[in-house]
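Visitor: coordinates only, no sequence provided:
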Ligand SMILES: Nc1ncnc2c1ncn2[C@@H]1O[C@H](COP(=O)(O)OP(=O)(O)OP(=O)(O)O)[C@@H](O)[C@H]1O
């Protein structure tokens, strides 16, 4: 059976990007069904470009992306993306429930089924009673929960997340990280999340892919051998967490040389 996501020799060049125009350089990896894989890399290294190529939003200059064996060209139906900026991704003139229902219009679902799915997804993210409110009546963290509910409502084969918690305060970030791990495990979702935050990548991931500075290539692919049940205080204080965080930090500081040593 093919992996849920296969990225083979992915390469992307922007005419104005740094390093002779190369944004992503010969990247290959797979993500298995039910896995939460984190990609961590320095600012500007090409994380968003990589995610956009996988989402079919950018046609890569070279290489290929396969979703459960099928080549990706254009945005696949069974893929959803959560971006960092929830304030620009939710429609302010639609209620929370209507926002969550919106992408379901392109599914073969009747009105009642769309409504049911939206309310179910709002329940998954702890907002069962927020359906009639408007995004601007909610806190930033609640708005990002709505974005996650909208992405999950279509039950995507793959959920892509681009720095999803970078715009909320530290306490809310912890809550959203725990929410994501809980929902991902309950639903068995396959998630690929990019972040520049080393601690977040280790706390959230079943696995951490470390990227080099621009142009992005893979420096290391590390399994996260932490217990599945994680706690924001105890896990972050554990010896295994501290050791892995140190390893990722050293790889990020050392770039490709560290990768060779690794
Ligand atoms: N549309 C574009 N046109 C030209 N160059 C681009 C475009 N988008 C990104 N780039 C360039 O590609 C490189 C990688 O950018 P990208 O946004 O993918 O990095 P990133 O790791 O997501 O950055 P950050 O951590 O700051 O969000 C950068 O040099 C950037 O300037």
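Guide: The structure has been received and is ready for your questions. None of the values given here were measured: they were computed from a predicted structure.
Visitor: so what pLDDT did the residue of the stretch 51-200 of the chain found nearest the ligand get?
Guide: Among all residues of the stretch 51-200 of the chain, residue 196 sits closest to the ligand, at 5.0 Å; criterion: C-beta to the nearest ligand atom. Placement of C-beta: from N, CA and C, glycine included. We note a pLDDT of 91 for residue 196 in this prediction.
Visitor: how about residue 48, nearest residue that isn't a chain neighbour?
Guide: Excluding the flanking residues, the one nearest residue 48 by C-beta to C-beta, 6 or more residues apart in numbering is residue 162, at 5.7 Å.
Visitor: test my guess that the one you found contacts residue 47.
Guide: Yes - contact between residue 162 and residue 47 holds when scored by C-beta atoms under 8 Å: they sit 7.4 Å apart.
Visitor: overlap of the contact sets of those two?
Guide: Among the neighbours of residue 162, those also in contact with residue 47 (C-beta atoms under 8 Å, 6 or more residues apart in numbering) are residue 194.
Visitor: how close does residue 237 sit to residue 199?
Guide: Residue 237 is 12 Å from residue 199, where distance means C-beta to C-beta, to the nearest Å.
Visitor: just to revisit the earlier point, check contacts around the residue nearest to residue 48.
Guide: Taking C-beta under 8 Å, 6+ apart as the criterion, residue 162 is in contact with 47, 48, 51, 81, 82, 83, 84, 194.
Visitor: my guess is the last one is in a strand, correct?
Guide: Okay, so that is residue 194. Yes - secondary structure assignment (DSSP: H, G, I helix; E, B strand; the rest coil) places residue 194 inside a strand.
Visitor: in the sheet, who's paired with it?
Guide: In this structure, residue 194 has beta-bridge partners residue 39, residue 162, where bridges are defined by DSSP bridges.
Visitor: helices along this protein, start to end?
Guide: Counting by DSSP state H, the segments of the chain that form helices are 47-54, 86-89, 96-101, 111-124, 140-153, 170-187, 198-204, 234-237, 239-261.
Visitor: residue 212 is nearest to which of those helices?
Guide: With C-beta to C-beta, the closest approach to residue 212 among those belongs to helix 239-261: 5.2 Å.
Visitor: average pLDDT for the closest one?
Guide: Computed over helix 239-261, the mean pLDDT rounds to 81.
Visitor: list the buried ones in stretch 237-256?
Guide: Within stretch 237-256, the residues that qualify as buried by neighbour count (16 or more other C-beta atoms under 10 Å) are 241, 244, 245, 247, 248, 251, 252, 255.
Visitor: and residue 78, how many neighbours?
Guide: Here the number of neighbours of residue 78 (other C-beta atoms under 10 Å) works out to 12.
Visitor: is it in contact with residue 157, as I believe?
Guide: Yes - at 4.2 Å, residue 78 and residue 157 qualify as touching, with contact defined as C-beta under 8 Å.
Visitor: give me the common contacts of these two.
Guide: A shared contact of residue 78 and residue 157, defined by C-beta under 8 Å, 6+ apart, is any residue touching both; here these are residue 67.
Visitor: CSV for the buried residues of stretch 237-256, including distance to residue 229?
Guide: Rendered in CSV, the data for the buried residues of stretch 237-256 read as follows (distance: C-beta to C-beta, whole Å):
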residue, distance to residue 229
241, 13
244, 17
245, 19
247, 22
248, 21
251, 27
252, 27
255, 34
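Visitor: what's the closest of those residues to the ligand?
Guide: residue 252 (12.0 Å).
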